[in-house]
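> Provided below for reference: sequence and predicted model.
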Amino acid sequence: MSLVKNVALLGHAGSGKTTLCEAMLYTAGVTERIGNVANGNTVSDFDSEEKKRGVSISSAVLQFDYKGARINAIDTPGLFDFALGSSEGLRVADSAIIVASARSGLSVGAEKAFKNAEKKGVSRIVVATKMDDERADFYKVFNAFVEKFGTSLCPVVIPIASDGKVAYYNLLEDKAYTYNGIKKTEVQIDPSSDEHYDEIVEIFNEAVAGADDELMEKYFEGEELTHDEKIKGVTIGIADGSIVPVFACAGVDGAGVDMLLDFIKNAAPSAKDEGDVKVDSNGPLAAVCFKTVADPFIGKLNFFKVISGKIVQGTTVVNARTGDEERVGKIVNTLGAKQTDIKECEAGDVCAIAKFSTFKTGDTMRAQGSDVELEGVDIPNATYSMAIIADKKGEEEKIATAANRIIEEDPSITFVNNTETRQTILSGLGEQHLDVCLSKMKERYKALASLIQPRVAYRETISKKVEVQGRHKKQSGGHGQFGDVWIEFEPCDSDELIFGERVVGGSVPKNFFPAVEKGLRDAMEKGVLAGYPMVGVKATLFDGSYHPVDSSEMAFKTAASIAFKNGIPQAGPALLEPIVTLNAHCNDDAMGDIIGDINKRRGRVLGMNPIGDGMQEIVAEVPQGEMTTFSTAMRQITQGRGSFTTEFARYERCPENITQKVIAESQEEE
């Protein structure tokens, strides 16, 4: 098996991930220049939406060779609205490159990426980019990471001033280099002249020696560690998580990027076994689909990481989720949009396969007769919902088809028809996420749609008991229509109509009872206040009269509906609103503001619990109608650190001001 290193670049938007990828490709001799995000000419951001917006919105798979190693780099978006890309990258990565701007320091995106990589058991490398910026401060980044995440941070390449320029000092080699573009020159400097040097060397030596007992013994005896011993210590440490190497570099001109690539090749871990599935090209096939592209121009592509065995063109494989068998057709390696045909893909490596019909993100590909199923991809929960409407009448099906194609490649979007509110709801991770979705619908599928606030599924009920008559009499030549009922309406605890009867003396024949019940159930579908479904009503038929010739089921059904329309307005009708249980996770210092925001939304906080790592859990109950903008508020207040889920709890009576507002809106719609 060839030397394969899978790395994902993660971090905050604007930290320089895509630019670093460009520098890696240029340094490896794959491209002729370093692309520029602002100019829209990078290898990673090849999608038209990315070029238009100047940001990454999906992960990009960059496969290239470097000094005999295959490097599969996954460039992921930094915007939280496109968090699926980070999940895809972490599912592939054996190392996560956490990118932080040396100008900005430790950002929320880098912080979240570091924690997520740790949770997934993925080795971490921190890269401080933008060292060419005059405001760059490497130690601002390094110290912030140490303060937040502890002493596992181990500097490997640090900046040292040399004749007015930045020299990059490699602690593994004990050598310093200056750069002209990617061309480097070794320079002789006294690193101890740098105020940070002595402390940094001590941190480095202790981290490297601490990874191995033999090295530790040698270090305590005061002996110098050799270059190979340093590599050994760092390799052990990065694999077990006790060391997080830190590199300084400049992506814009590529300075120092070759040392990062050398480190990835020499010390970063290769693919690891997953449970009982061993990384072995001679084993039974087991691969996970970590990404899907469903584009009308380039076709459908499923990206796989092979854990065991080989994916071979022309063979038959099984989708573990569906049980369907599919034949492997075209296999490709990708460099952004560029595809290169290959015949097979071995364990530990990554490839894409064209025109599979059943596979989607998270699915396991396995050999016939195998029962293995690999861990899928963590799909972020959609928390921001809007109603979607076609701009042209009659194009609803076109919108649905376009949305479902987009969901194939972005399962963090949901598209659901709410039969109760008669709206189709498009949900995602934020406003920008849904905006991109609409833009893709328009550009790719010529499906034009708009977003509006979703309706709330209110209910109506009654609050007191009444007795009313419903009488239907109509004469129209021949047989007439006659039905007469007396019905008692009273509140009860039920989501459906509770129907009963206590008719005596045959005033209403039994064969008409079902018609009365049917008339009432039909009437319950539309309440008298704002036309919402009724709940919590018990109706008891207790008297009435009939005509031996003119009475019929239809007449009694009509009479029952008349009784409903006459009686419910007298029974203290009330509007009910859905209440959801909110489970919010936020950082300690944002807790007060989150609680304040919940209170503004007429919510009730039920409890608060510390959940560790500087985070708090808030449990509350909030009216669903007040939750539409909570996703945006949560992100702003917590700076993106927070998350939340909601679950329907029950219906509660609306305050009078809300009731009047909903009634007014329903009258406007009519």
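Received, thanks.
> surely Leu429 meets Asp81?
Yes: with contact defined as C-beta atoms under 8 Å, Leu429 reaches Asp81; the gap is 4.8 Å. Where you see a C-beta, it was placed from the backbone N, CA and C, and this is true even at glycine.
> Closest to the centroid, which residue in the protein?
Against the mean C-alpha coordinate of the chain, by C-alpha atoms, centre = their mean, the closest residue is Pro380 at 2.4 Å.
> any idea which element it lies in?
For Pro380, there is no enclosing helix or strand under DSSP states H and E.
> Just the pLDDT at it, thanks.
We have a pLDDT of 95 for Pro380.
> Verify the stated contact: it with Gly85.
No: assessed by C-beta under 8 Å, Pro380 is found out of contact with Gly85, at 10.0 Å.
> was I right about Ala555 contacting Gln475?
No: contact criterion C-beta under 8 Å: Ala555 and Gln475 do not qualify, at 11.8 Å.
> Tell me the residues that contact both of the two, please.
Both Ala555 and Gln475 are contacted by Gln481, under the criterion C-beta atoms under 8 Å, 6 or more residues apart in numbering.
> which one of the two has more residues nearby?
Remark: of Ala555 and Gln475, Ala555 carries more neighbours, 23 against 10, as counted by other C-beta atoms under 10 Å.
> So the more buried one, which state does it fall into?
Classification of Ala555 by DSSP: H, G, I helix; E, B strand; the rest coil places it in helix.
> How about Ile264?
Secondary structure of Ile264, per three-state DSSP, is helix.
> mind listing what it touches?
Shown in contact with Ile264 (C-beta under 8 Å, 6+ apart): Lys5, Val7, Tyr66, Ala69, Ile71, Ser95, Ile125.
> at 7 Å instead, please
Counting by C-beta atoms under 7 Å, 6 or more residues apart in numbering, Ile264 makes contact with Lys5, Val7, Ile71, Ser95.
> Make JSON lines out of those and add distance to Ser551 and secondary structure.
Below are the contacts of Ile264 laid out as JSON lines (distance: C-beta to C-beta, whole Å; DSSP: H, G, I helix; E, B strand; the rest coil):
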{"residue": "Lys5", "distance to Ser551": "84", "secondary structure": "strand"}
{"residue": "Val7", "distance to Ser551": "81", "secondary structure": "strand"}
{"residue": "Ile71", "distance to Ser551": "84", "secondary structure": "strand"}
{"residue": "Ser95", "distance to Ser551": "82", "secondary structure": "strand"}
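> tally of neighbours for the closest residue to Cys492 other than its chain neighbours?
Once flanking residues are discounted, Cys492 sits nearest to Lys538: 4.1 Å by C-beta to C-beta, 6 or more residues apart in numbering. Here the number of neighbours of Lys538 (other C-beta under 10 Å) works out to 17.
> Just the pLDDT for Lys538.
For Lys538, the predicted pLDDT is 97.
> Just to check, it is in contact with Glu490?
Yes: taking contacts as C-beta atoms under 7 Å, Lys538 lies within contact range of Glu490: 5.1 Å.
> Identify the contacts common to the two.
Residues touching both Lys538 and Glu490 (C-beta under 7 Å, 6+ apart): none.
> Specify the strand with the largest residue count in this protein.
strand 574-587 (DSSP state E).
> Now it: buried residues?
By 16 or more other C-beta atoms under 10 Å, the buried positions in strand 574-587 come out as Ala574, Leu575, Leu576, Glu577, Pro578, Ile579, Val580, Leu582, Ala584, His585, Cys586, Asn587.
> Redo these as a markdown table? Include pLDDT and distance to Val146.
A markdown table is the format used below for the buried residues of strand 574-587 (pLDDT from 0 to 100; distance: C-beta to C-beta, whole Å):
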| residue | pLDDT | distance to Val146 |
| --- | --- | --- |
| Ala574 | 96 | 59 |
| Leu575 | 97 | 56 |
| Leu576 | 97 | 54 |
| Glu577 | 96 | 49 |
| Pro578 | 96 | 47 |
| Ile579 | 97 | 45 |
| Val580 | 97 | 40 |
| Leu582 | 97 | 35 |
| Ala584 | 96 | 29 |
| His585 | 95 | 25 |
| Cys586 | 95 | 24 |
| Asn587 | 92 | 19 |
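> Ser370: which of those residues is nearest?
Nearest to Ser370 among the buried residues of strand 574-587 is His585, at 37.8 Å by C-beta to C-beta.
> Quick check: chain neighbours aside, which residue is closest to the closest one?
Excluding the flanking residues, the one nearest His585 by C-beta to C-beta, 6+ apart is Ser643, at 5.1 Å.
> you'd agree the one you found is up against Asn583?
No: with contact defined as C-beta under 7 Å, Ser643 does not reach Asn583; the gap is 9.2 Å.
> just the strands in the stretch 101-250 of the chain please.
123-129, 153-162, 165-170, 175-180, 183-187, 244-248 (DSSP state E, counting those that start in this stretch).
> I'd like those laid out as JSON lines, including mean pLDDT and distance to Ile389.
Converted to JSON lines, the strands of the stretch 101-250 of the chain look like this (pLDDT from 0 to 100; distance: least, C-beta to C-beta, whole Å):
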{"stretch": "strand 123-129", "mean pLDDT": "97", "distance to Ile389": "43"}
{"stretch": "strand 153-162", "mean pLDDT": "93", "distance to Ile389": "51"}
{"stretch": "strand 165-170", "mean pLDDT": "93", "distance to Ile389": "55"}
{"stretch": "strand 175-180", "mean pLDDT": "94", "distance to Ile389": "55"}
{"stretch": "strand 183-187", "mean pLDDT": "94", "distance to Ile389": "57"}
{"stretch": "strand 244-248", "mean pLDDT": "98", "distance to Ile389": "49"}
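> What segments of the stretch 351-500 of the chain are helices?
Along the stretch 351-500 of the chain, counting by DSSP state H, counting those that start in this stretch, helices occupy 396-409, 431-445.
> avg pLDDT for the first one?
Averaging pLDDT along helix 396-409 yields 96.
> so how far is that helix off the chain centroid?
18 Å (C-alpha atoms, centre = their mean, to the nearest Å).
> got the angle for that helix vs helix 431-445?
Here helix 396-409 points in a direction 110 degrees away from that of helix 431-445 (axes from the mean of the first three to the mean of the last three C-alpha atoms, to 10 degrees).
> what's the average pLDDT for the helix or strand hosting Asp593?
Secondary structure assignment for Asp593, by DSSP H and E: helix 591-600. For helix 591-600, mean pLDDT rounds to 97.
> mind saving the C-alpha coords of the helix or strand following it as PDB?
Next helix or strand after helix 591-600 toward the C-terminus (DSSP H and E): strand 604-612. The C-alpha trace of strand 604-612 is given here as PDB (Å, rounded to 0.1, in the frame of the first residue of the first chain):
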ATOM      1  CA  ARG A 604     -39.900  29.700  30.700                       C
ATOM      2  CA  VAL A 605     -36.500  28.500  31.800                       C
ATOM      3  CA  LEU A 606     -36.900  25.100  33.500                       C
ATOM      4  CA  GLY A 607     -33.300  24.500  34.500                       C
ATOM      5  CA  MET A 608     -29.600  25.000  33.900                       C
ATOM      6  CA  ASN A 609     -26.800  22.500  34.200                       C
ATOM      7  CA  PRO A 610     -23.100  22.800  33.700                       C
ATOM      8  CA  ILE A 611     -21.900  20.300  31.100                       C
ATOM      9  CA  GLY A 612     -18.200  20.900  31.300                       C
END
